[in-house]
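*Asks:* Starting from these lines, generate the structure:
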Amino acid sequence: MTSGSSALDNLFWRDEILEAMYWMRGEGLAGDVDAAELARFLVSDVELIQAHLDRLVASGDLACEHGRYRLTEQGRREGAVRFRDAFADLTRPAHGECAPGCWCHDPAHAGEPCPSHPDRPRA
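*Replies:* Numbers count the residues shown, from 1 in each chain. Purely as a prediction, here's the structure:
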């Protein structure tokens, strides 16, 4: 049986690894990683990261081929949730800003007034 602190440790590393791999993939830094690369990125012990990577393979969040790990579709979805939750306060629009999907962000509408802020033409 897993102790409470061990279970929390497993959850912590699951979240950290999925979030990091999601971010690295999204930024074009790495579509797959080995344990040493990820341990350097997360400033952790290679053996510890290796053990958690293997757990994530067993749970279906990662796939491993030739010692390199990549997100599965399930892992990508989970990583996206972790990333969104971790950075929610930094990625939401500030007061008075348009949402990212507003049509005024389309270059075809440059200089036209935004329907949310008709007094301010968009660059």
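*Asks:* give the contact list for residue 31.
*Replies:* 25, 70 (C-beta atoms under 8 Å, 6 or more residues apart in numbering). From N, CA and C alone the C-beta is placed, and that goes for glycine too.
*Asks:* What does the pLDDT read for it?
*Replies:* Reported pLDDT at residue 31 in the predicted model: 93.
*Asks:* where's it, which helix or strand?
*Replies:* Assigned by DSSP states H and E, residue 31 belongs to no helix or strand.
*Asks:* Next up, phi/psi of it, please.
*Replies:* Torsion angles at residue 31 (phi, psi; degrees, to the nearest 10) stand at phi -90, psi -20.
*Asks:* now for the longest helix along the chain, which elements pack on it?
*Replies:* Using DSSP state H to define each element, the chain has its longest helix at helix 4-26. For helix 4-26, the helices and strands in contact under the criterion 3 or more C-beta pairs under 8 Å, 6 or more residues apart in numbering; DSSP states H and E are helix 35-42, helix 46-58, strand 68-71, helix 73-91.
*Asks:* just so I know, which of the ones you listed lies nearest residue 115?
*Replies:* Closest to residue 115 of the helices and strands packed on helix 4-26, according to C-beta to C-beta: helix 73-91, at 22.5 Å.
*Asks:* Is it correct that residue 55 is in contact with residue 10?
*Replies:* Yes - using C-beta atoms under 8 Å, residue 55 is in contact with residue 10, at 6.8 Å.
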